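could you work out the structure for the sequence below:
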Amino acid sequence: MLKQILLVGLGGGIGSIFRFLTSVFAVRYAVYGFPLGTFIANILGCFVLGICAGIFGRTPAENETLRLLFITGFCGGYTTFSTFASENIQLLQQQNYTLLVIYTLTSLLVGFLAVAIGLTLGKAW
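Prediction:
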């Protein structure tokens with residue numbers, strides 16, 4: 001159990017660092033208050049999760065270590081759904097309903113698409 005905890009913690013720490021770097025980079029390009037850093041992290045995280053699920057899903061028992069490190073750890077630390085939810089509440093409180101709907105629907109639809117594409121690529125790898 002300790003090994004699994006350490007793998008998830010290591011992956012999560014690395015994912016969190018990458019999340020921070022994504023935010024720093026994205027803030028330069030954000031327009032009209034759109035939370036671009038969170039959006040990019042969620043979409044890339046969905047894509048990476050899809051690829052990993054495709055690759056590690058072939059022989060789940062053999063790839064448990066990699067699944068814990070990359071899917072549970074890295075993707076869990078990198079994606080920011082809790083921040084996504086908080087930003088949606090802020091947009092709601094600001095009564096910015098148009099951006100709220102655009103951000104929510106775009107994040108969900110593109111996120112699902114990114115997982116599907118990543119899963120397909122991961123299986124083909």
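
tell me the contacts of V110?
I43 (C-beta atoms under 8 Å, 6 or more residues apart in numbering). Every C-beta, even on glycine, is put in place using the N, C-alpha and C of the backbone.

tell me the SS of the residue of the chain most remote from its centre?
Here the centre of the chain is the reference, and by C-alpha atoms, centre = their mean the most remote residue is Q95, at 26.4 Å. Put simply, Q95 is coil when judged by DSSP: H, G, I helix; E, B strand; the rest coil.

and the gap between it and I43?
According to C-beta to C-beta, to the nearest Å, Q95 stands 26 Å off from I43.

now swap in G111 and tell me
6 Å.

ok, the two, which is more surrounded?
G111 (22 against 18; other C-beta atoms under 10 Å).

and T79, its phi and psi?
Main-chain dihedrals, T79, degrees, to the nearest 10: phi -80, psi 160.

any idea how many residues pack against it?
Using other C-beta under 10 Å: T79 sits among 22 other residues.

dump the residue contacts of it.
Contacts of T79 by C-beta under 8 Å, 6+ apart are 15, 19, 41-42, 45-46, 49.
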